[in-house]
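S.K.: Below are the sequence and a predicted model; questions follow.
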Amino acid sequence: MFVLVNLKAYPCDPVAVATAAHEVSESTGVRIAIAPQAAHLSAVADTGVETWVQHVSPVEHGSHTGSTLAEAAADAGAVGALLNHSENRLKLADLDASLDAAERVDFETIVCANDPDQIAAAAALGPDAVAVEPPELIGTGTPVSKADPDIVRDAVDAAAAVDASVDVLCGAGISTGEDLASAQDLGAEGVLLASGVAKADDPRAALEDLVDPVA
Ligand SMILES: O=C(CO)COP(=O)(O)O
């Protein structure tokens with residue numbers, strides 16, 4: 001199972017979370033990556049943890065003020081890009097161009113989507129993986145793998161029908177090892193989570209509990 005922790009814009013210490021994630025990953029053998037704010041990419045990557053960027057802009061080098069350039073994210077140590085998160089939805093043409101930008105720097109890519117129909121559309125764009133995240137469950141602590149298991153099963157089937165090489169992650173409300181095990185049972189190859197780690201009093205303990213069933 002792949003665990004991607006999205007720090008969003010939460011007021012956590014990104015280096016402390018990244019250090020804990022790296023150590024838990026090393027000691028358990030479970031793949032854990034951190035997606036911090038773009039301005040924190042270098043500091044997070046310096047901990048040794050696998051580092052992802054939360055978004056890349058659909059642009060090349062040029063006059064694009066305020067953009068997140070894929071090349072800059074790669075220079076800062078990112079190796080993957082999360083795209084089309086429900087808090088940062090893209091137009092279809094921009095999503096396609098952001099995937100092109102990520103591919104320019106050989107990033108691994110995950111495209112987020114709300115439901116199985118959108119998962120099929122996202123898989124058709126050729127990312128490495130897709131992530132199904134029902135927006136109404138994000139940040140609630142109610143795990144998608146328990147609250148809406150059919151959406152995960154249907155997303156796995158929808159992606160496989162389009163392109164069997166595209167992995168499926170699930171996210172929204174995931175925080176415990178039990179949630180991760182349920183996601184795995186439903187066919188997910190990984191989980192995408194945020195508040196369960198970024199807002200935890202003890203992020204290391206939260207990560208240890210999360211990965212325990214697959215450690
Ligand atoms: O949006 C998410 C991950 O990208 C999920 O957020 P929560 O884990 O806080 O529900």
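M.R.: Thanks, I have it. Residues are numbered from 1 along each chain as shown.
S.K.: Which residue comes closest to S67 once chain neighbours are left out?
M.R.: Nearest residue to S67, sequence neighbours excluded (C-beta to C-beta, 6 or more residues apart in numbering): S57, at 3.7 Å. Where you see a C-beta, it was placed from the backbone N, CA and C, and this is true even at glycine.
S.K.: Ramachandran angles for that neighbour?
M.R.: Taking degrees, to the nearest 10, you get phi -80, psi 150 for the backbone angles of S57.
S.K.: That one - how many residues pack around it?
M.R.: In terms of burial, S57 registers 18 neighbours under the definition other C-beta atoms under 10 Å.
S.K.: Could you tell me how far I110 is located from L82?
M.R.: Relative to L82, I110 is positioned 5 Å away (C-beta to C-beta, to the nearest Å).
S.K.: anything in contact with each of these two?
M.R.: Among the neighbours of I110, those also in contact with L82 (C-beta atoms under 8 Å, 6 or more residues apart in numbering) are 4, 131, 192.
S.K.: what's the lowest-mean-pLDDT helix or strand in the chain packed up against?
M.R.: Of all helical and strand segments in the chain, the minimum by mean pLDDT, DSSP states H and E falls on helix 144-147, at a mean of 89. Helix 144-147 is packed against helix 149-162, strand 167-171, helix 177-185, with contacts defined by 3 or more C-beta pairs under 8 Å, 6 or more residues apart in numbering; DSSP states H and E.
S.K.: List the strands paired with the shortest one, with their directions.
M.R.: Strand 167-171 sits in its sheet next to strand 129-132 (parallel), strand 190-193 (parallel), going by DSSP bridges.
S.K.: Can you tell me what sits against that strand?
M.R.: Counting contacts by C-beta under 8 Å, 6+ apart, the residues outside strand 167-171 that touch it are 2, 4, 110, 112, 119, 128-133, 138, 144-145, 152, 155-156, 159, 183, 186-194.
S.K.: and the protein, which of its residues are near the ligand?
M.R.: The chain has residues 6, 85, 133, 138-139, 171-174, 192-196 near the ligand, with proximity defined as C-beta under 6 Å from any ligand atom.
S.K.: In ChimeraX, how would I select the buried members of those residues?
M.R.: Here is the ChimeraX selection string for the buried members of the residues of the chain next to the ligand, based on 16 or more other C-beta atoms under 10 Å:
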select :6,85,133,138,171,172,173,174,192,193,194,195,196
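S.K.: how about the residues of the chain next to the ligand in a markdown table, adding pLDDT and secondary structure?
M.R.: Conversion of those to a markdown table gives the following (pLDDT from 0 to 100; DSSP: H, G, I helix; E, B strand; the rest coil):
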| residue | pLDDT | secondary structure |
| --- | --- | --- |
| N6 | 98 | strand |
| H85 | 98 | coil |
| E133 | 96 | coil |
| I138 | 95 | coil |
| G139 | 94 | coil |
| G171 | 96 | strand |
| A172 | 96 | coil |
| G173 | 96 | coil |
| I174 | 96 | coil |
| L192 | 98 | strand |
| L193 | 98 | strand |
| A194 | 98 | coil |
| S195 | 97 | helix |
| G196 | 97 | helix |
